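> please work out how this folds:
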Amino acid sequence: MIYTLTTGIVFGAFLGYLNSAQQILEIQYALGEQFPLYFALLALAIGGASLLNAKLVMRYGMHWLSKRALLLFTLLSGVFWLVTYSTAGHPPLVLLMAYFMLAFLALGMLFGNLNALAMEPLGHIAGIGASVIGSLSTLIAIPLGTVIGQAYDNTVLPLISGFFLLGLVASTAIVSRR
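Numbers count the residues shown, from 1 in each chain. From the prediction side, this is the model:
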């Protein structure tokens, strides 16, 4: 159950990004018609993470990769929160894109591994298990992502704060797992 909770928390952070991305990139950073290109570039980080994960999971395992990816996501978000705060919520675009690429690399590693870990004890009822896990994690993620998205204030501070806080909560959940 803890992995389902963690999946929902991590997915909630990503939904917060999806709720804010257009406002941040197209309007705040004045990318206008270039927004889809930047959005697609960031999506490549998640796709690349899936490919990288396929190679690394056989060597290190899902537990090890998930913990490291969650640690990377949380620490990176904490450090970038300081950068964001020091720039009044408007860090240079190149720094924001570099942060997002690394954060999405970690998220891409987390999505597949956390879902697989949540499914591990449900192999004998895989179909219904996948449905329940998907439903529960979505029920957790939607309110979290909505709160982050609605907190947008013409800065990236609410999004980065959401990433950091949800990373801390997810990390605490994983560490407290018995």
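> which SSE is immediately downstream of the worst-scoring helix or strand of the chain on mean pLDDT?
Sorting the helices and strands of the chain by mean pLDDT, DSSP states H and E puts helix 126-150 at the bottom, at a mean of 92. Next along the chain after helix 126-150, taking DSSP states H and E as the criterion, comes helix 157-175.
> returning to what we had before: can you list contacts of the least confident helix or strand of the chain?
Here helix 126-150 makes contact (C-beta atoms under 8 Å, 6 or more residues apart in numbering) with 4-5, 7-9, 11-20, 115, 118-119, 122-123, 158-159, 162, 166. C-betas here are computed from N, CA, C, even on glycine.
> how many residues are close by residue 163?
For residue 163, the count of nearby residues is 28 (other C-beta atoms under 10 Å).
> could I get the average pLDDT for the helix or strand residue 114 falls within?
In the assignment (DSSP H and E), residue 114 maps to helix 93-119. In this model, helix 93-119 carries a mean pLDDT of 95.
> again with stretch 11-19
98.
> and residue 43, how many neighbours does it have?
Residue 43: 12 neighbours (other C-beta under 10 Å).
> how much space between it and residue 140?
To residue 140, residue 43 is 23 Å away according to C-beta to C-beta, to the nearest Å.
> pull out the buried members of the contacts of helix 126-150.
Neighbour-count burial (16 or more other C-beta atoms under 10 Å) applied to the contacts of helix 126-150 gives 4-5, 7-9, 11-17, 19-20, 115, 118-119, 158-159, 162, 166.
> before we move on, back to that, buried stuff in the least confident helix or strand of the chain?
129, 133-134, 136-137, 140-141, 144-145, 148-149.
> which of these sits closest to residue 175?
Using C-beta to C-beta, residue 140 is the member of the buried residues of helix 126-150 that lies nearest residue 175, at 18.3 Å.
> how far away is that closest one from residue 14?
Distance of residue 140 to residue 14, given as C-beta to C-beta: 12 Å.
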